[in-house]
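Prediction below, plus the sequence it came from.
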Amino acid sequence: MTKNILSLFVIVFALSGCGIPLPLQKDLVVKDINAVRQFTTTNSVFNSYVAAFEQYGKVHTGDGRFSVGDIPINFGDTENENFQGVCFEYPDGTKEVIIRESWWNGASEEYRESLLFHELGHCRLDRDHIDDAVMTSSNRSYKISLMSSIIVGPGDYSQYKSEYLTELFSQNTDELLLSLGLAVSQ
Ligand SMILES: [Zn+2]
């Protein structure tokens, strides 16, 4: 039943997205026909994050061979001042993640992971943005997904990391809602 509600939610979300002509700024960018991927390998700075993503992926998907695959991650120009990271998709089907180095160098480990996993959510998991938030009884607002277009902050991510990772790989928010003391719809 929860799955049906989620499907309905996704459909409604998609329809409303199409019906409202908002100026969409997205860090999932499909490049034009002449664009060519900039990198073929990942900067070793990101190796430990990739390894962590793959480990979580194996656990959450149950697929022991889960890997990031051919998605190089490197520092570079995100081509939009609002984005610290971006997932580029090219006409030949290749993809890559580009991270703003100045942001990375000033960010905590948890913040870095929140951003990088968000970009891999686009590039590897084919996920789109989910900008819903929930309010707890203490009037505190929480993003329900790492796929929020505004990246989940390091404090919330460290506190609810397990819950956010479950949502990232399964699109199920039940764990997060329960941990926040909110009712889960049945
Ligand atoms: Zn995004």
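Now that the structure is in, tell me what you want to look at. Numbering: from 1, shown residues only.

Please make it C-alpha for all contacts and neighbour counts, starting now.
Will do.

Which parts of the chain are strands?
Using DSSP state E, the strands of the chain run over residues 28-30, 73-75, 85-89, 95-99, 133-135, 141-143.

of those strands, which approaches Thr42 most closely?
Closest of the strands of the chain to Thr42 is strand 73-75, at 4.7 Å (criterion: Cα to Cα).

By mean pLDDT, show me the worst of the strands of the chain.
When the strands of the chain are compared on mean pLDDT, strand 28-30 scores lowest, with a mean of 91.

For that strand, which helices and strands make contact with it?
Packed against strand 28-30, as judged by 3 or more Cα pairs under 8 Å, 6 or more residues apart in numbering; DSSP states H and E, are the following elements: strand 85-89, helix 109-123.

before we move on, back to that, so can I have CSV of the strands of the chain showing mean neighbour count and distance to Gln55?
Putting those into CSV (neighbours: other Cα atoms under 10 Å; distance: least, Cα to Cα, whole Å) gives the following:
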stretch, mean neighbour count, distance to Gln55
strand 28-30, 17, 24
strand 73-75, 22, 17
strand 85-89, 26, 21
strand 95-99, 24, 19
strand 133-135, 13, 27
strand 141-143, 17, 24
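
Would you reformat those as CSV and include distance to Gly106?
Formatted as CSV, the strands of the chain follow (distance: least, Cα to Cα, whole Å):
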stretch, distance to Gly106
strand 28-30, 23
strand 73-75, 14
strand 85-89, 14
strand 95-99, 13
strand 133-135, 26
strand 141-143, 23
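
closest one to Ile150 among the helices and strands packed on strand 28-30?
Across those, Ile150 has its closest neighbour in helix 109-123 (9.4 Å, Cα to Cα).

Of all the residues in the closest one, which ones are buried?
Buried positions in helix 109-123, judged by neighbour count with 16 or more other Cα atoms under 10 Å: 110-123.

From the residues you listed, pick the one nearest Ser145.
Ser145 lies nearest to His118 out of the buried residues of helix 109-123, by Cα to Cα, at 9.2 Å.
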